[in-house]
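**Q** What would the 3D arrangement of this be:
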Amino acid sequence: MANIKSQIKRNRQNEKARQRNMAARSEVKTATKRAEETGTDEDTRAAQKTIGKSAAKGRVHKNQAARRTSRLMKRAAKSS
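**A** Residues are numbered from 1 along each chain as shown. So this is what the prediction gives:
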């Protein structure tokens, strides 16, 4: 456990950020899964939007977001 006041605060901040990042990544996975299961254009667009927002906020790396979007669109085109 940290004794220094600034490090205690830093640990609190890091934990909050970790929780936010985990929630965002989970949301991306859920949206992608829903889009794959239903196969509707609406769900695919929603998943694409979720992935893009996560990348814009830095929750997911931009290359990972591009890769996920690409795979999602490939699957959507294949199922159509």
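**Q** Mind naming the longest helix for the protein?
**A** helix 5-38 (DSSP state H).
**Q** where in this protein is pLDDT low?
**A** Applying pLDDT under 70 to the chain flags no residue at all.
**Q** and if we set it to 90?
**A** Where the chain drops to pLDDT under 90, the residues are 1-2, 39, 79-80.
**Q** returning to that earlier point: and the longest helix of the chain, what's buried?
**A** Within helix 5-38, the residues that qualify as buried are 24, 27-28, 31-32, 34-36, counting by 16 or more other C-beta atoms under 10 Å. Using the backbone N, CA and C atoms, a C-beta is placed for each residue, glycine as well.
**Q** which helices and strands does that helix pack with?
**A** Judged by 3 or more C-beta pairs under 8 Å, 6 or more residues apart in numbering; DSSP states H and E, the packing partners of helix 5-38 are helix 41-56, helix 62-79.
**Q** ok, 6 Å please
**A** helix 41-56 (3 or more C-beta pairs under 6 Å, 6 or more residues apart in numbering; DSSP states H and E).
**Q** Show me what the helix it packs on is packed against.
**A** helix 5-38, helix 62-79.
**Q** Is it possible to get TSV of the ones you listed that adds distance to residue 50?
**A** Shown next, in TSV, are the helices and strands packed on helix 41-56 (distance: least, C-beta to C-beta, whole Å):
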stretch	distance to residue 50
helix 5-38	4
helix 62-79	10
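**Q** Fine by me, thanks again.
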